[in-house]
Structures are given as structure tokens and as C-alpha cells.
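S.K.: Quick one: sequence and predicted model below, then my questions.
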Amino acid sequence: MRPEEYELLGAITVEAYDHVGHVEPGYADELRDTATKVQHAEVLVAVTADDRVVGGVAYVTDTNSKLAEHDDPEAACFRHLAVAPAAQGLGAGRALVEACIERARAEGKTRIVIHSTTAMVRAHDIYERYGFSRTPDRDWEPLPGLVLWGFQLDLT
């Protein structure tokens, strides 16, 4: 991720989340703030053959990271997976998930844990294709009425 791409990825992330109706008040600022994400995670981007950024994800391994949604030292997670609506269905989301899985394996992690809103059904399809399982015991409600589903991929 290059600093000159921060603003673009932030805009793509907000657009993608808004596309599924998941931009709660104040959350757009967090989604847009790529500069902070790169301080607390490895931010990966998906680019087209002509080098246009069409999506990104924040890959998190450190449980002390501001972006960590887990406290399991054997796990990694990823946050804010987003692909521009115009580029969805072209493989960018799959490439980003694969990159996170490869990093977690290379680091010796035994699992990846993530959260997703109930509305992000296209993402759920990708997760299931890669072997993620729904883990209802990881579900949580950060805001009244906003339920995040837990998913886990065992890497062992």
C-alpha cells in the first residue's frame, strides 16, 4: 500500500460498505482512515492489470493492535475488506482473502477469526468457499441493532 493510495482506498471502503447499507454514524470516518490502519495493521490492496486500486483489507496479527477483534495469540484477523462495487465479482475479494490466509499460514497462525455484518452475503460466500465456518459464539453487537457474525478458518 502506497501513501498516495490511502485516500482512494478509504473512499472505496466507504462506498463498498455503504453499498450494503453498513455505514453507521461515525463509522465512515473509521472506514476512510487508511493512514491510521497502516499504523496498526498490514493494509493490502487489490489492483487491476492497469494498476488501479479496486479494493483492500487490513490484515491484523497482533492482539494488541487497535484493529484486533480477538485476543487469541494463535489467531490472525482481517478487517474492512472492501471492493469497489463496480469491480465486485472480478476476483479482487478472493485475492485479498487468499493473501490474508497465506500471511497467517506463513506466520504460523492456527486460525483466522473475522466478523461480518449479516448483510454482507457476497463476502460470506467468499469466506465459505475458503473454508471459514460460522462461529456464533464469536457474534457480538457493537451497537444496538448491529449484529456482527463471527467466522473462523482453522489453518491446522
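M.R.: Happy to help now that I have it.

S.K.: So which residues of this structure form helices?
M.R.: 6-19, 27-32, 34-40, 92-106, 121-129 (DSSP state H).

S.K.: Would you mark the buried spots in the longest one?
M.R.: Translated: helix 92-106. 92-93, 95-97, 99-101, 103-104 (16 or more other CB atoms under 10 Å). (Glycine included, C-beta is placed from N, CA and C.)

S.K.: Output those in a markdown table, with distance to residue 62 and pLDDT appended to each entry.
M.R.: Converted to a markdown table, these look like this (distance: CB to CB, whole Å; pLDDT from 0 to 100):
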| residue | distance to residue 62 | pLDDT |
| --- | --- | --- |
| 92 | 25 | 95 |
| 93 | 24 | 93 |
| 95 | 23 | 95 |
| 96 | 19 | 96 |
| 97 | 20 | 96 |
| 99 | 17 | 97 |
| 100 | 14 | 98 |
| 101 | 18 | 97 |
| 103 | 13 | 97 |
| 104 | 13 | 97 |
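
S.K.: Now flag whichever of the residues you listed is closest to residue 74.
M.R.: residue 104 (10.0 Å; CB to CB).

S.K.: Does the closest one touch residue 72 like I think?
M.R.: No. Here residue 104 lies out of contact with residue 72, judged by CB atoms under 8 Å, at a distance of 11.9 Å.
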